[in-house]
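Peer 1: One predicted model, sequence on top.
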Amino acid sequence: MKIVGMESLNSVNKNAAEQSASDSAVSGDVEKLRSILVKEEREEIRRLQEQVDALQFRITDEKTRSTDISEILNSATQMTLKRNEIYGANFKPIIVEQFQNSSRENPEIMAEALFPILGPAIRKMIASMLTPDSNKAKRTYKFEQIFLIEKESGLPICHAKSGTGEARDADMVSGMLTAIQSFVQDAFSTQEFDSLNTLQLGELSVWIEWGPEAVAAALIRGVAPERCRIALQQLLEDIHSKYKQQLDAYDGDASAFDSVKEDFKLFMDNHDSRLRNRVKGIPENVRKKLAIVGFLVFCLFAWIIQNKYDESRWARFVKQLDSHPGIVVTGYERRDRQYVVRGLRDPLAIDVDTLLIDSGFKRDRVIFNLEPYKSMQPEFNFRIFKSGLLLPSGVNWDLDGSALKITGAETNDWIENIKKFNDQYSEITHVTFGPATQ
Amino acid sequence: MIQKKICMLGSFAVGKTSLVRRYVDSLFSENYVTTIGVKIDKKVISVNETDLALILWDVYGEDNHKSVLPSYLRGMAAYILVIDPSRPATFESAKYLHTLVLETLGPKPFVLVLNKSDIKSDWEINPTIFAKLNEAALATIEASAKNDTGVDEVFQTIGNSFVPTVL
């Protein structure tokens, strides 16, 4: 049974193997056929699968995803804000809260971040507060003391203080100022010609100006404008110029510099903002009104002066016009900006426009109402002679009042013509003829 | 009034400041000596009926002497050279400072002060340096700021050198 069974089994197995081989062959054929039939679809699926894998990697890999988002974040945010304003509003409290938390937890980071902004901002604010020439320059300053100190020894040459306030011993203060200058110069190895120019403590400051022989140190309460420093420099220069010999010979006796004290006091008075502000103390609106009134008064005066000048010039012109032969001025007046002249004018008299040009008046400012007439003035009659007879060359004439003397060689006919012309047109009373003077 | 700048020179802790404190009513704190290296005081004395203001520059001294700023010496009319003979090293300091003055400003009148005479038993005088300085000085005076002995004499001697004696 066992053997039969084995054989049967083997036979079955054999059959199965054969069947299997047969199936495999069929299967291989089917697969081959399938691969032929769906080759393109398989290729497409493979390609799609690769894309899916790549996308999967892009989504799951943090670095790649960050790169992708960063590329669109800016435009996406802007687009979102543009589409929906609430989106931006929602962000604000989150940012503010984070900002507060960060400031609280680690203020150093915030301080470091803000330092580049705060530094210039603070400096700008302080500069605007301290700059006396700014719009806020109404702050006061006062020169309280000025020292003139011998440069080498630090001995005081002169000391002046404003008012009656107490001042520490000028001798010792001068010495200490000099010592401080030496200390700063030596301690910080500055250049030999560098010098300490300002000491500042709160609202007090000491300006130190250096001259060849002496130093001027001014104690100032408040913030004085830079122009005061320039004035102090000029004062020191003046002292050096005025007291050159005394400074050169200074050996501890300061009696030669007594008058400098008055110069210092005058300087302090002239540079006391409180005294200056007494004028400035007038309210702004009142000052503006005063300025306007002042300007109007100035204009009024200018107009009056101009008018007076014009009147005077016009009177001179009329007088000059009237003095010309052949012109008689009977009256004149002013109409608005124009002058009107009334009178008589001989046609042979000088052209009034020529006179007007010489006087400087514009033609359109003057109206001449001059009636024609015949002048009887002798010198004017002589012009008639000249114009009517054309006295030839070689003939000389001399007019004496109303008597005309003619000398020269001419024909009798010409002489007769002159006599006839004189009788008819001229008022020359005597015409005499003489021989040629040559 | 004539004014003269006088420098107090000497090694650290020889008693310069104590001498000045004994002699004048100070305006400034003594801290100045150790901060900026100098403190300035003033004493008006009368010499032959002439008022004279001594502007005293108390210059900080250290044992290595190098800290004395030569600029503090500029313009001085005379100086007071202080030695503590109980510390022999201060003779060397005095010699150095005296030489510094000579090199910086040339010869200037000075008074040599042997200070702390109240502990004279501890003195150890350097004979060589002492002889040299003693010879160059206007006067050598033993003083004690503690006991107030010789102090006035030091400053009066300096003052006398500026005003001619009235015969």
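Peer 2: Nice, thanks for sending it over.

Peer 1: near chain A, which residues of chain B show up?
Peer 2: Taking C-beta under 8 Å from any C-beta of the partner chain as the contact definition, chain B meets chain A at B:1-5, B:27-28, B:32, B:36-38, B:40-42, B:53, B:55, B:57, B:69, B:71-72, B:74-77, B:162. C-beta coordinates here come from the backbone N, C-alpha and C atoms, glycine included.

Peer 1: again, only using 6 Å
Peer 2: Within reach of chain A by C-beta under 6 Å from any C-beta of the partner chain, chain B has these residues: B:2-5, B:27, B:36, B:38, B:40, B:42, B:55, B:69, B:71-72, B:74-75.

Peer 1: What residues sit buried inside the host helix or strand of residue A:334?
Peer 2: Residue A:334 belongs to strand A:327-335 when assigned by DSSP states H and E. For strand A:327-335, burial by neighbour count (16 or more other C-beta atoms under 10 Å in any protein chain shown) applies to A:327, A:328, A:329, A:332.

Peer 1: Tell me the confidence at residue A:262?
Peer 2: pLDDT, residue A:262: 89.

Peer 1: Let me know how buried it is, in neighbour terms.
Peer 2: Counted with other C-beta atoms under 10 Å in any protein chain shown, the neighbours of residue A:262 add up to 11.

Peer 1: Right, and chain A sits closest to which residue of chain B?
Peer 2: Residue of chain B nearest chain A, by C-beta to the nearest C-beta: residue B:75 (2.6 Å).

Peer 1: Any figure for the gap between that residue and residue B:5?
Peer 2: Going from residue B:75 to residue B:5 by C-beta to C-beta, to the nearest Å gives 5 Å.

Peer 1: Secondary structure element holding residue B:21?
Peer 2: Using DSSP H and E, residue B:21 falls in helix B:16-23.

Peer 1: average pLDDT across that helix?
Peer 2: 85.

Peer 1: elements contacting the helix or strand residue A:149 falls within?
Peer 2: According to DSSP H and E, residue A:149 maps onto strand A:141-150. Counting contacts by 3 or more C-beta pairs under 6 Å, 6 or more residues apart in numbering or on different chains; DSSP states H and E, strand A:141-150 packs against strand A:156-161, strand A:214-222, helix A:258-270.

Peer 1: the helices in the chain, which residues?
Peer 2: Assuming you mean chain A. Here chain A has its helices, by DSSP state H, at A:2-37, A:39-60, A:62-83, A:85-105, A:107-130, A:170-187, A:226-242, A:244-248, A:258-270, A:273-280, A:284-323, A:352-359, A:378-389, A:412-425.

Peer 1: switch to chain B, that's the one I care about
Peer 2: B:16-23, B:31-35, B:70-73, B:89-105, B:127-136, B:151-160.

Peer 1: And for the fifth one, what's in contact with it?
Peer 2: Okay, so that is helix B:127-136. B:91, B:95, B:112, B:140 (C-beta atoms under 6 Å, 6 or more residues apart in numbering or on different chains).

Peer 1: what do you get if the cut-off is 8 Å, keeping everything else the same?
Peer 2: B:81, B:91, B:92, B:94, B:95, B:98, B:110, B:112, B:140 (C-beta atoms under 8 Å, 6 or more residues apart in numbering or on different chains).

Peer 1: which one of those has the most neighbours?
Peer 2: Among the contacts of helix B:127-136, the one with the most neighbours (other C-beta under 10 Å) is residue B:94, at 28 neighbours.

Peer 1: Domain-wise, how is chain A divided?
Peer 2: Split into domains by automatic domain parsing, chain A comes to A:1-27, A:141-279, A:301-372, A:378-434.

Peer 1: right, so the ones you listed: which one is the most enclosed?
Peer 2: Using mean count of other C-beta atoms under 10 Å in any protein chain shown, the stretch among the domains of chain A with the largest mean neighbour count is domain A:141-279, at a mean of 17.

Peer 1: Run through the residues that contact residue A:237.
Peer 2: Taking C-beta under 8 Å, 6+ apart, we find residue A:237 in contact with residue A:211.
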